[in-house]
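> Sequence below, structure please.
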Amino acid sequence: MQENISNISQELADQFHRDGYIFLEEALTESQLLAINSQLLTWVEESKLHSESFGKIKDGRPRFDVDLKSHSENNPALRRITSPAEISDACLDVVKDNRALDFVAEIFGPNIKHWTNKLNLKLPSSGTEVKFHQDFPFEPHSNEDIMTVLFFLDDVTLENGPLEVVPGTHNGPLYSLWHDGVFTGAVSSEVELEKKEGAISCTGRAGSACLMHSKLLHGSSSNRTKLPRSLFIVSYSAEDAIPLTENPLPSDLDGMIVRGKKTDTVRCSSYSVELPEYPKEVSFFGQQDKSSNLLM
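Reported below is the predicted structural model:
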């Protein structure tokens, strides 16, 4: 793909550096969108045959995460598929080449590598929501050039649990995700209450993408419609950003060069952050579930 975007508008680049995110239409081709959604439908159907999370990723945790509070054969609540690009050519194709990646390389490049990929689902009436957090404390690196690209697999509306971002927070402090000695994966209720007033909902058509800085504060509410709302989320980093902790979503694709080349150099920036807890749960939804009582 890698179309010529050397004339990327200064306005768009300025918006990313100012706000911490940009919205991009037609980030996926029609064939890419169709292929991933076809694969996803197969996995949702497969989840109906299971009464608990299933499959296995590299560290032994389940690949397919179901919300046990609401999952059933008639009302599947599959909410996360970890590292789907390891087992799906359709997902791997997108990880390696897409229009959003061209912009990542323009902003953080020229050398870009893959960090993680996952599918987050909000099936009809599943109740899945994401408490406000920043991604960077989950994935500290030697520098902060890390981008989360959220590809819309369905039309995203105000009613089906859109991504909510707080512009400019990537330039502010890194908030603690630890509370009373527990790594909850969510900021405190005080921080959420203060910052959520300035949140902006990212809506758009299927095939679009939101490119978000890893330090940007964000969250999302539950899907209140009878239609699914699914995202394919891929994290990329500058090639010279070296992880300081184990990958929380380990896969054989970690570190794969997707733009440019490998330089074997390390670039460091100055910041301070509390190290994350390596997840014991199936996914970070399990970690955030622990915050329900602590953050009341």
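
> Sketch out the low-pLDDT regions of the chain for me.
Along the chain, segments meeting pLDDT under 70 span 1-9, 125-127, 282-296.

> How is the spatially most central residue of it assigned, secondary-structure-wise?
With distances taken as C-alpha atoms, centre = their mean, the residue of the chain nearest its centroid is residue 233 (4.2 Å). Recorded secondary structure, residue 233: strand (DSSP: H, G, I helix; E, B strand; the rest coil).

> Report the beta-bridge partner residues of it.
Per DSSP bridges, the residues bridged to residue 233 are residue 118, residue 150.

> Touching, it and residue 121? I think so.
No: if you go by C-beta atoms under 8 Å, residue 233 and residue 121 don't touch, sitting 11.0 Å apart. All C-beta atoms are positioned from the backbone trio N, CA, C, and that covers glycine.

> and the residue nearest to the centre of the chain, what is it in contact with?
Counting by C-beta atoms under 8 Å, 6 or more residues apart in numbering, residue 233 makes contact with 117-120, 148-151.

> Next: residue 237.
Contact analysis of residue 237 by C-beta under 8 Å, 6+ apart lists 108, 112-113, 115, 141, 145-147.

> where exactly do the strands run in this structure?
Assigned strands in the chain, in chain order: 21-24, 64-66, 78-82, 112-122, 130-133, 146-152, 163-165, 178-179, 182-183, 200-202, 209-213, 218-220, 229-238, 257-259 (criterion: DSSP state E).

> Can you tell me how far the residue lying closest to residue 215 once chain neighbours are set aside is from residue 212?
Once flanking residues are discounted, residue 215 sits nearest to residue 170: 4.0 Å by C-beta to C-beta, 6 or more residues apart in numbering. According to C-beta to C-beta, to the nearest Å, residue 170 stands 8 Å off from residue 212.

> Can I get stretch 230-246 as PDB, trimmed to CA atoms?
Extracted in PDB, the C-alpha atoms of stretch 230-246 (Å, rounded to 0.1, in the frame of the first residue of the first chain):
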ATOM      1  CA  SER A 230     -15.800  -3.900  17.000                       C
ATOM      2  CA  LEU A 231     -12.200  -2.500  16.700                       C
ATOM      3  CA  PHE A 232      -9.000  -4.000  15.500                       C
ATOM      4  CA  ILE A 233      -6.300  -2.300  17.600                       C
ATOM      5  CA  VAL A 234      -2.700  -2.400  16.500                       C
ATOM      6  CA  SER A 235       0.100  -0.700  18.400                       C
ATOM      7  CA  TYR A 236       3.200   0.500  16.600                       C
ATOM      8  CA  SER A 237       6.400   2.100  17.900                       C
ATOM      9  CA  ALA A 238       9.500   3.800  16.500                       C
ATOM     10  CA  GLU A 239      12.100   1.100  15.800                       C
ATOM     11  CA  ASP A 240      14.500   2.700  18.400                       C
ATOM     12  CA  ALA A 241      11.900   2.600  21.200                       C
ATOM     13  CA  ILE A 242      12.900  -0.400  23.300                       C
ATOM     14  CA  PRO A 243      10.400  -2.000  25.700                       C
ATOM     15  CA  LEU A 244      11.300  -1.700  29.400                       C
ATOM     16  CA  THR A 245       8.900  -4.500  30.600                       C
ATOM     17  CA  GLU A 246       7.700  -7.700  29.100                       C
END
